[in-house]
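Student: Sequence first, predicted coordinates after that:
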Amino acid sequence: MVLQSLIGQIELDQPHLIVLTWSTMKFAFNDKYFAPILVIGSNVNETIHYGQIPLGQPNLGMSLYTEENAFNNETYYWQVHSAIGWLPAGKISLNLLLNCEAGKSIIYDSLRFFLVKNLPNLKKELP
């Protein structure tokens, strides 16, 4: 299963840092987990081109887990994830894709998307 949603169309005057945070819960230990995919579309010479934004995980190897006790006395484990990447300048559309294995279930929750503007003068202002 793949779920796709248009985040929106934006115009950026300079590249921005992207930060994604989200949590997931799998219902079976052997189920595969897929990170969200961020796709951009841009209009070049009257033709729309699509591409995937490469995202990396900061502090690879560090994971945050939290435990939830359900009403049926089962314990579910949530994992909190993050990813970071660069979004190019220009007028673009952003799409988010979430997916899981056929016949399996996964819960995505608390998905947050941040754009961080490069502030070159910030270093000059800090003591």
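Tutor: Arrived safely, thanks for sending. Keep in mind the model is a prediction, meaning the values are calculated, not measured. Numbers count the residues shown, from 1 in each chain.

Student: and the helix or strand containing residue 108, what does it pack onto?
Tutor: According to DSSP states H and E, residue 108 maps onto strand 106-117. Judged by 3 or more C-beta pairs under 8 Å, 6 or more residues apart in numbering; DSSP states H and E, strand 106-117 is in contact with strand 16-26, strand 75-87, strand 90-99. Placement of C-beta: from N, CA and C, glycine included.

Student: Okay, now the sheet partners of it, with direction.
Tutor: strand 16-26 (antiparallel) (DSSP bridges).

Student: Which residues belonging to the partner strand are considered buried?
Tutor: Going by neighbour count (16 or more other C-beta atoms under 10 Å), the buried part of strand 16-26 is 16, 18-20, 22-26.

Student: Let me know which of the helices and strands packed on strand 106-117 is the nearest to residue 65.
Tutor: For the helices and strands packed on strand 106-117, the distance to residue 65 is smallest for strand 75-87, at 5.5 Å, taking C-beta to C-beta.

Student: can you give me the angle that closest one makes with strand 16-26?
Tutor: Interaxial angle, strand 75-87 versus strand 16-26 (axes from the mean of the first three to the mean of the last three C-alpha atoms, to 10 degrees): 160 degrees.
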